[in-house]
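In: here is the input, now give the coordinates:
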Amino acid sequence: MKWEYFVAPLLEHNPGEILNTFGDDGWELVGVAQVQNPMGGVSTVAYMKRPKE
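Out: Predicted coordinates:
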């Protein structure tokens, strides 16, 4: 099976709704991480995958 991947920013005010929207589009959550952005702040990102069509 082949996969496609997507890295999505997660806004802290409503991450559950954001993840449910991606799930409705066929994306599966693989992991969540906090990464430092170029401005020196920290962002939360979700790593998603789904089967390639």
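
In: hmm, which helix or strand of the chain has the shakiest average pLDDT?
Out: Per-element confidence for the chain was summarised using mean pLDDT, DSSP states H and E. The lowest value among helices and strands belongs to helix 15-24, with a mean of 92.

In: could you point out the helix or strand that follows that helix?
Out: Counting by DSSP states H and E, the element after helix 15-24 in chain order, helix or strand, is strand 28-36.

In: mind listing what's buried in whatever helix or strand comes next after that next one?
Out: Downstream of strand 28-36, the first helix or strand assigned by DSSP H and E is strand 42-51. Along strand 42-51, these residues count as buried under the neighbour rule (16 or more other C-beta atoms under 10 Å): Ala46, Met48. Where you see a C-beta, it was placed from the backbone N, CA and C, and this is true even at glycine.

In: can you check what angle separates strand 42-51 from strand 28-36?
Out: Here strand 42-51 runs at 160 degrees with respect to strand 28-36, directions being taken by axes from the mean of the first three to the mean of the last three C-alpha atoms, to 10 degrees.

In: distance between strand 42-51 and the chain's centre?
Out: A distance of 2 Å separates the C-alpha centroid of strand 42-51 from that of its chain, computed with C-alpha atoms, centre = their mean, to the nearest Å.

In: tell me which residues in the least confident helix or strand of the chain are buried?
Out: Along helix 15-24, these residues count as buried under the neighbour rule (16+ other C-beta under 10 Å): Leu19, Phe22.

In: how about that helix as PDB, C-alpha atoms only?
Out: The C-alpha coordinates for helix 15-24 follow below in PDB (Å, rounded to 0.1, in the frame of the first residue of the first chain):
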ATOM      1  CA  PRO A  15      -7.700  20.800  18.300                       C
ATOM      2  CA  GLY A  16     -10.400  18.100  18.500                       C
ATOM      3  CA  GLU A  17     -12.600  19.800  16.000                       C
ATOM      4  CA  ILE A  18      -9.700  20.200  13.600                       C
ATOM      5  CA  LEU A  19      -8.700  16.600  13.900                       C
ATOM      6  CA  ASN A  20     -12.200  15.400  13.400                       C
ATOM      7  CA  THR A  21     -12.400  17.500  10.200                       C
ATOM      8  CA  PHE A  22      -9.200  15.800   8.900                       C
ATOM      9  CA  GLY A  23     -10.600  12.400   9.900                       C
ATOM     10  CA  ASP A  24     -13.800  13.100   7.900                       C
END
